[in-house]
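Undergrad: Dropping the sequence and predicted coords here.
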Amino acid sequence: MRQDPIKILAYDPSWPDAFEQQRRRVEPALLPWLTGPLEHIGSTAVPGLAAKPIIDMMARIDSYDAAGIDHTMAALGWVHAPEPGDAESRKWSFCYPDAARRTHHLHIYEDSADIWPRLLTFRDHLRTHPDAAAEYAELKRSLAAEDAHDRPRYRAGKAPFIDRLS
């Protein structure tokens, strides 16, 4: 679990390249399980949007029960980093290079899950609605300023905004 403070930084134009570098490593390795391409999600996927400097990636697979994903990711230097609710959501979470100092976070969902389409809808909405992206950036800054160490509260504070747009 990450314990460093939540820091919202100005958009970094290197974030898409950072996604692409890991996509080129991870996507071929996960190909036996994938039901679609790896996607760059989250705030770092929205040009101009302030964000925590962690590249969120998403993959879709047929079944959470797929054997071998954890070993495949470990061979690439990724660490299995379960989050609260992952098992119930039938989701895998991996961090690179480790959970404490991650630069990348891969979320692997079952293709049948209802959340992954919403993640793409939210990302795409922010990409095409700069006013909404600016409002979201301000919300994140405000939440981080209130308590930069309470990640559950930070996530819960963003949820109504995300739900409204996705």
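TA: Here it is on my side, so go on.
Undergrad: Kindly list the main-chain dihedrals of the residue most central in space within the chain?
TA: Nearest to the mean C-alpha position of the chain, counting by CA atoms, centre = their mean, stands Asp56 at 2.9 Å. Torsion angles at Asp56 (phi, psi; degrees, to the nearest 10) stand at phi -90, psi 130.
Undergrad: just the one 4 residues further on next, same as before
TA: Main-chain dihedrals, Arg60, degrees, to the nearest 10: phi -120, psi 140.
Undergrad: Arg90: neighbour count?
TA: 15 (other CB atoms under 10 Å). C-beta here means a position set from N, CA and C on the backbone, and glycine is covered the same way.
Undergrad: check contacts around it.
TA: Tyr64, Tyr109, Glu110, Ala113 (CB atoms under 8 Å, 6 or more residues apart in numbering).
Undergrad: change it to 10 Å
TA: Residues near Arg90 by CB atoms under 10 Å, 6 or more residues apart in numbering: Ile61, Ser63, Tyr64, Asp65, Ile108, Tyr109, Glu110, Ser112, Ala113.
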